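Q: Have a look at this prediction, sequence included:
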Amino acid sequence: MKFTFALCALLLGGALSINAAEKSKTAQEETFKRWDANGDGKVTRAEFMAAPIAKRHPDTIEARWQAIANGKDEITLEDFKAASAPPLASPSADNVSSELLDRQWVATGAKGKLAYKTTPKGERIVDFSHAGYMGGGVAIPTLPVKKEVAASGGDDTAAIQAAVDEVSALPLARGFRGAVLLKPGTFHCAKPITIEQDGVVLRGSGSGQAGTVIEMTGEPHTALMIEGPEVSFPKETPANTFPIADAFVPAGTLSFSVKDSTGLAAGDTIRIRWPRTAKWIHFMGMDTLVRNGKPQTWMRDDASITILRSIRSIEGNRITLDVPLTDTIDGQFLDQEPAVVIKTPSVKRLSQCGIESLQIVSPPHKGTLTAGKFISVALKGGCQDCWVRDIVMRETLNNVQVWEGCRRITITGAHSFHNSTVEKGAGYPADISIRGSQVLVDRCTSHGLGGFYVATLNATAMLNVVLNCTFEGTGSIQPHMHWSTGLLIDSCNIPDGRIDLINRHTSGSGHGWAIGWGIAWNCTVKYLQVQIPPGALNLAIGCRGEPHKTFSPEAFFSANHPVAPASLYLAQLLDRLGEAAVKNIGY
């Protein structure tokens, strides 16, 4: 079997010149005939992988098969051709040309409003402007100081915790209690300090050497925690459950229909839930993961995805949400269990808490990642509308953790410094790890260590943004495992590192497809590895960097040519809330 240069480039994911692309059309037809041994117009995976090039690049060609087959057992010539073409699009209004949207998916129209490219099924890039404190566009408040603490020279854990508890006992005033101010100096702390009541801030006197330093001592632990109550919801009943009527609800949408909206009203809190079935897992190609001879479970076939939203308006049985969906609901994969809306009472969450203007220092890490770790900050439980700002972290690992159940969080001006390294073993550290939703990581930096600068984990990580960050080292921004959805990496600079929006296959516990609807926008990196999953998209738009390893060429738009708007998040925020919202967050 002979392979032309153009076809090899197509299979390996390389870019083609215009002439080579034209020639590749004929090469596709000729090669498909060679694959189609029995002449029935269909090619199986075994036939596809029999190509000589697959023996030299098995992982790359396997990834190309998955992108072309899109979950099917066989492909046709049309499937093969379509895989090398950009997705079809429908331009939005406001006089934005389809050619411009074809190049970059989102553009500003003549009237200053954003227009979006959509797939034939109506999917589009999510409005990410809902990420951050209070759902985006709201200034983080500066709370008045209610208690001051000076360093003692000994262990200061108890004194700081007592001050936090004292302020926590004050009455709320418009949702706030006040700040504990740590005076300049070095505070030695051997145990965690925890905020557990609304409206409390722990503030240092600056994150520089002349400001406040928390020096971690004793056994490895987390220095500072904002910990809300565990969130639980009542059971589903016929009275609070409303089946969704639409057979297909596209990613990025704000609206869909239920069969009967009686009992629902504008302002209601709802959960949107649908099952992850064996049929969908097979479609994703995630039911065949085997490592060291043992099968791996990417996602259980009895698991569900649940998204928390509010109803903005109702017209008949049509519901409009406050925040868009980050994933598609496709009825063909639901079997007999429908997607549903569940009316949900408001639940108690910890809110209006922050950690700011200080430095955290720990002893250098020793051993692999499984050894005990000094961690800077963790937000846990049901935290909402909380923040971390202006902090420096030296030698700690997994520096800022946002756990499942946390939402509308801003991390801004968080700076990590690593001089030590982690011994090679199971896993790598992440400076910022996100299991929550609507998290904004803004103007953060990292220096040293080849781990993950930002990582999302699991399906609970939805609609998150990494904005204007600079990371120095050979690490990466990488969704880590188990199908997070809706991640914007916007205007970030990683001169020696990577952005990976990929299928991690059998890594770890069977991490598989780690992300859907991940967008890299106007970033500058050394390497870009972006792959397109079945039934969704990951895209690199206006990015500078070298396509890396098993990338999908159809995921790259305006490569090495930055696009306008310069920042998608800020443009979406301006579009939705106006100029004041952009100024509120310091732009």
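A: Now that the structure is in, tell me what you want to look at.

Q: C-alpha only now, for contacts and for neighbours.
A: Noted.

Q: residue nearest the centroid of this structure?
A: Leu487 (3.4 Å; Cα atoms, centre = their mean).

Q: Can you pull the domain assignment for the chain?
A: Split into domains by automatic domain parsing, the chain comes to 5-82, 133-230+349-584, 241-344.

Q: from memory Lys343 sits against Pro243, does it?
A: No: counting by Cα atoms under 8 Å, Lys343 stays clear of Pro243, with 11.3 Å between them.

Q: So those two - more neighbours on which side?
A: More neighbours surround Lys343 than the other of Lys343 and Pro243, with 23 against 20 (other Cα atoms under 10 Å).

Q: The more buried one: what secondary structure?
A: strand (DSSP: H, G, I helix; E, B strand; the rest coil).

Q: The one 5 residues further on too?
A: Secondary structure of Lys348, reduced to three states by three-state DSSP: coil.

Q: list the contacts for it?
A: 229, 231, 382 (Cα atoms under 8 Å, 6 or more residues apart in numbering).

Q: For the stretch 1-150 of the chain, which residues score under the pLDDT cut-off?
A: For the stretch 1-150 of the chain, the stretches with pLDDT under 70 are 1-28, 30-31, 51-67, 69-71, 81-95.

Q: and with 80 instead?
A: Filtered on pLDDT under 80, the stretch 1-150 of the chain yields the residue ranges 1-38, 48-73, 78-96.

Q: residue ranges of the helices in it, please?
A: Counting by DSSP state H, counting those that start in this stretch, the stretch 1-150 of the chain has helices at residues 5-12, 18-35, 45-48, 52-56, 58-69, 77-82, 98-104.

Q: buried stuff in the shortest one?
A: Along helix 45-48, the positions that meet the burial threshold by neighbour count (16 or more other Cα atoms under 10 Å) are Phe48.

Q: The residue nearest to Gln352 when sequence neighbours are not counted: how many residues sit nearby?
A: Distances taken as Cα to Cα, 6 or more residues apart in numbering put Gly199 closest to Gln352, at 4.6 Å, once the chain neighbours are dropped. For Gly199, the neighbour count with other Cα under 10 Å is 25.

Q: who touches Gly199 in this structure?
A: Contacts of Gly199 by Cα under 8 Å, 6+ apart are 168, 172, 175-178, 351-353.

Q: From Ile160, how far out is it?
A: Plainly put, Gly199 is 17 Å away from Ile160 if you go by Cα to Cα, to the nearest Å.

Q: And for Asp490?
A: 37 Å.

Q: Tell me where the stretch 201-350 of the chain has strands.
A: 212-216, 222-227, 241-243, 248-249, 255-257, 269-276, 290-291, 294-295, 303-315, 318-321, 329-330, 340-344, 350-351 (DSSP state E, counting those that start in this stretch).

Q: May I see those arranged in TSV, with mean pLDDT as well?
A: Formatted as TSV, the strands of the stretch 201-350 of the chain follow (pLDDT from 0 to 100):
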stretch	mean pLDDT
strand 212-216	98
strand 222-227	98
strand 241-243	97
strand 248-249	96
strand 255-257	97
strand 269-276	94
strand 290-291	90
strand 294-295	88
strand 303-315	94
strand 318-321	97
strand 329-330	96
strand 340-344	96
strand 350-351	97
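
Q: so which of those strands comes closest to Thr470?
A: Smallest distance to Thr470 across the strands of the stretch 201-350 of the chain (Cα to Cα): 23.3 Å, for strand 212-216.

Q: In terms of secondary structure, what does that closest one contact?
A: Packing contacts for strand 212-216, counted by 3 or more Cα pairs under 8 Å, 6 or more residues apart in numbering; DSSP states H and E, involve strand 185-189, strand 354-361.

Q: Mind listing the strands the last one pairs with, and their directions?
A: Think strand 354-361. strand 200-203 (parallel), strand 212-216 (parallel), strand 383-394 (parallel) (DSSP bridges).

Q: Report the inter-axis angle for that strand versus strand 185-189.
A: Here strand 354-361 runs at an angle of 90 degrees relative to strand 185-189 (axes from the mean of the first three to the mean of the last three Cα atoms, to 10 degrees).

Q: May I have strand 354-361 as CSV, with CA atoms only?
A: What follows is strand 354-361 as a C-alpha-only set of coordinates in CSV (Å, rounded to 0.1, in the frame of the first residue of the first chain):
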residue,chain,number,x,y,z
GLY,A,354,-11.5,35.4,51.0
ILE,A,355,-7.8,34.9,51.5
GLU,A,356,-5.6,37.8,50.4
SER,A,357,-2.3,39.7,50.5
LEU,A,358,0.1,37.2,52.1
GLN,A,359,2.8,34.8,51.4
ILE,A,360,2.9,31.0,52.2
VAL,A,361,6.2,29.2,52.5
